[in-house]
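*Asks:* Build me a model from this:
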Amino acid sequence: MAAPRPPPAGLSGIMVPAPIPDLEALRALTALFKEQRNRETAPRTIFQRVLDILKRSARTVELACRDPSRVEHLASSLQLITECFRCLRNACIECSVNQNSIRNLDTIGIAVDLILLFRELRVEQEALLTAFRCGLQFLGNIASRNEDSQAIVWVHAFPELFLSCLNHPDKKIVAYCSMILFTSLNSERMKELEENLNIAIDVIETHQKQPESEWPFLIITDHFLKSPELVRAMYAKMSNQERVTLLDVLIAKMVGEEPLTKDDTTALLGHAELIASTFVDQCRVVLKLTAGQHDDDEALATIRLLDVLCEMTANTDLLSHLQGYPGLLERAVDLLRLIHVTANDTTDIFNTSACIRAEGDVKNMAEGFRSHLIRLIGNMCYKNKDNQDKVNELDGIPLILDSCSPDDSNPFLTQWVVYAIRNLTEDNSQNQDLIAKMEEQGLADASLLKKMGFEVEKRGDKLVLKATSTPPP
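*Replies:* Next up, the predicted model:
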């Protein structure tokens, strides 16, 4: 690439810096590649010239890493590196021909090696960050919709570049690295992540710190959640805060506007095993919150497990699988009983007079745990007589009825109590008789039943529980 003719070193007594060779020509080329027609007609030889400049500049960086005294002379090299990356980045936009030509020159390997060298430099921060960001943008563009390039990027970048960049303090570097990871991942490479879980967990942590960033969220929803094996391995190694983040994304996936595909449902069945077994084993830790440990991350993760189970059992494709999960219904009723005992304390967070949120920050969700527990029991009993009878045998119906009072102003708790009672009594005369007898004995408040949309009618010697003509609010 021909360098522009340098201007005189001095003009009117004012010294001007000598131009950097090739920089202006690179900038002109970068601007040209903004146009699709210029990208499509670019001669292949031009990329070799750009690569030669990149190699020379990279050599300067490599020497500076070995000899810190050379760092002060890196400014021009960093400018050239930045412009080379910009030029190559633009050349790859929606142009597979250029992607292939640039890849076949081994540019990807050189770019990754250079980016990894940037970690060792101690130079002016902004110039280094700009070169760093442009290098990652180039890798993202050359891999975009190009499986051959994705494979080469993965070979060179995994795992070191991802481990370095996902933890970088610069948000743009983290975002560009996430873009590369999202673009490069496929089902086969997911297996490699299972052997290097730190990268997967770093993505979760990145989403936790930068929830507004699109790429980490897409990596989790479009890749991680399709692999129950990876999620199970990750869950075992993550902190409880990271688990909450993962469970939040899982809920977002289930309740999102996009309908679940057959593959999504198959993966969710695998996740259901993990969620249900973990809840059965650990759900009692939520009682720590009654001791004033409101920041206990383990308890908060358990609260989120319950939220996931509620959404899973609201899905008809997942419901039957979880309705028969060993110990889940028994554990839910048992925990409701324990919470019922502690809730007699008016200061307890599970008290029914607490303000219960259906949505919100997970740290506010402790107050909704009781209502969601009743929701889960109601879901488990939907058109399932075995589970309806099981709740009766466990004395769960009085617990559910006693969870709200006639003057209770909590709409979410009342809503799920009504729902659970309706599911418990649907086509189940035994449970209907039980509630009718409770009303006669004063154990079930008639006004509360009416509020729920039920009333007890005496037919001869028999009490009958029936729905009122006026549905509950």
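*Asks:* Show me the domain layout of the protein.
*Replies:* Listed domain ranges for the chain are 18-184, 239-427 (source: automatic domain parsing).
*Asks:* closest to Ile201 out of those?
*Replies:* Across the domains of the chain, Ile201 has its closest neighbour in domain 239-427 (6.4 Å, Cβ to Cβ). No exception for glycine: its C-beta is placed from N, CA and C like everyone else's.
*Asks:* gap between that closest one and the chain center?
*Replies:* Distance of domain 239-427 from its chain centroid, counting by Cα atoms, centre = their mean, to the nearest Å, is 21 Å.
*Asks:* same question, stretch 26-35
*Replies:* Offset of stretch 26-35 from its chain centre (Cα atoms, centre = their mean): 37 Å.
*Asks:* Mind listing what's buried along that stretch?
*Replies:* Applying a neighbour-count criterion of 16 or more other Cβ atoms under 10 Å, one finds Leu26, Leu29, Thr30, Leu32, Phe33 buried in stretch 26-35.
*Asks:* contacting residues around the nearest residue to the second one once chain neighbours are set aside?
*Replies:* The shortest distance from Leu29 to any residue other than its chain neighbours is 5.2 Å, reached at Cys87 (Cβ to Cβ, 6 or more residues apart in numbering). Contact analysis of Cys87 by Cβ atoms under 8 Å, 6 or more residues apart in numbering lists Leu26, Leu29, Thr30, Phe33, Val50.
*Asks:* Would you confirm that the first one contacts Val50?
*Replies:* Meaning Leu26. Yes. The pair Leu26 / Val50 is scored as a contact, 7.1 Å apart, by Cβ atoms under 8 Å.
*Asks:* which one of the domains of the chain has the lowest average pLDDT?
*Replies:* Least confidently modelled of the domains of the chain is domain 239-427, at a mean of 84 by mean pLDDT.
*Asks:* In a helix, Val123, correct?
*Replies:* No. Applying DSSP: H, G, I helix; E, B strand; the rest coil, one finds Val123 to be coil, outside a helix.
*Asks:* From Tyr176, how far out is it?
*Replies:* 20 Å (Cβ to Cβ, to the nearest Å).
*Asks:* Kindly report the same for Leu434.
*Replies:* Separation of Leu434 from Tyr176 (Cβ to Cβ): 62 Å.
*Asks:* what about these two, which has more around it?
*Replies:* Remark: of Leu434 and Tyr176, Tyr176 carries more neighbours, 23 against 19, as counted by other Cβ atoms under 10 Å.
*Asks:* just checking, what packs against the one helix or strand the more buried one maps to?
*Replies:* Using DSSP states H and E, Tyr176 falls within helix 171-184. Applying 3 or more Cβ pairs under 8 Å, 6 or more residues apart in numbering; DSSP states H and E, one finds that helix 171-184 makes contact with helix 125-143, helix 147-157, helix 160-165, helix 197-209, helix 214-222.
*Asks:* quick check: mean pLDDT across the fourth one?
*Replies:* Pointing back at helix 197-209 there. Helix 197-209 shows a mean pLDDT of 97.
*Asks:* Show me what it is packed up against.
*Replies:* Against helix 197-209 (3+ Cβ pairs under 8 Å, 6+ apart) you get helix 160-165, helix 171-184, helix 214-222, helix 228-237, helix 240-255.
*Asks:* what's in contact with the last one?
*Replies:* With contact meaning Cβ under 8 Å, 6+ apart, helix 240-255 is reached by 201, 204-205, 207-208, 217, 220-221, 225, 231, 234-235, 238, 260, 264, 268, 271, 297-298, 300-301, 304-305, 307-308, 311-312, 315, 362.
*Asks:* Quick check: buried residues in the helix or strand following that helix?
*Replies:* Downstream of helix 240-255, the first helix or strand assigned by DSSP H and E is helix 262-282. Within helix 262-282, the residues that count as buried by 16+ other Cβ under 10 Å are Asp264, Ala267, Leu268, His271, Ala272, Leu274, Ile275, Ala276, Thr278, Phe279, Val280.
*Asks:* After helix 262-282, heading C-terminal, what element do we hit next?
*Replies:* Following helix 262-282 toward the C-terminus (DSSP H and E): helix 297-313.
*Asks:* tell me the angle of the next helix or strand after that following helix relative to helix 297-313?
*Replies:* The first helix or strand that comes after helix 297-313 along the chain, using DSSP H and E, is helix 316-323. Angle, helix 316-323 to helix 297-313, by axes from the mean of the first three to the mean of the last three Cα atoms, to 10 degrees: 120 degrees.
*Asks:* The helix or strand that helix 316-323 is followed by to helix 297-313, inter-axis angle?
*Replies:* Going down the chain from helix 316-323, the next helix or strand is helix 328-342, by DSSP H and E. Interaxial angle, helix 328-342 versus helix 297-313 (the same axes, to 10 degrees): 130 degrees.
*Asks:* Can you give the contact residues for helix 328-342?
*Replies:* With contact meaning Cβ under 8 Å, 6+ apart, helix 328-342 is reached by 276, 279-280, 283-284, 286-287, 290, 309, 322-323, 348, 350, 369-370, 373-374, 376-377, 380, 387, 390-391, 394-396, 399-400, 402-403.
*Asks:* hang on, the earlier thing: how about JSON lines for the buried residues of helix 262-282, with distance to Asn104 added?
*Replies:* Shown next, in JSON lines, are these (distance: Cβ to Cβ, whole Å):
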{"residue": "Asp264", "distance to Asn104": "37"}
{"residue": "Ala267", "distance to Asn104": "37"}
{"residue": "Leu268", "distance to Asn104": "42"}
{"residue": "His271", "distance to Asn104": "41"}
{"residue": "Ala272", "distance to Asn104": "46"}
{"residue": "Leu274", "distance to Asn104": "44"}
{"residue": "Ile275", "distance to Asn104": "47"}
{"residue": "Ala276", "distance to Asn104": "50"}
{"residue": "Thr278", "distance to Asn104": "48"}
{"residue": "Phe279", "distance to Asn104": "52"}
{"residue": "Val280", "distance to Asn104": "55"}
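*Asks:* out of the residues you listed, which one sits closest to Ser144?
*Replies:* The nearest member of these to Ser144, counting by Cβ to Cβ, is Asp264 at 24.3 Å.
*Asks:* Thanks a lot, see you next time.
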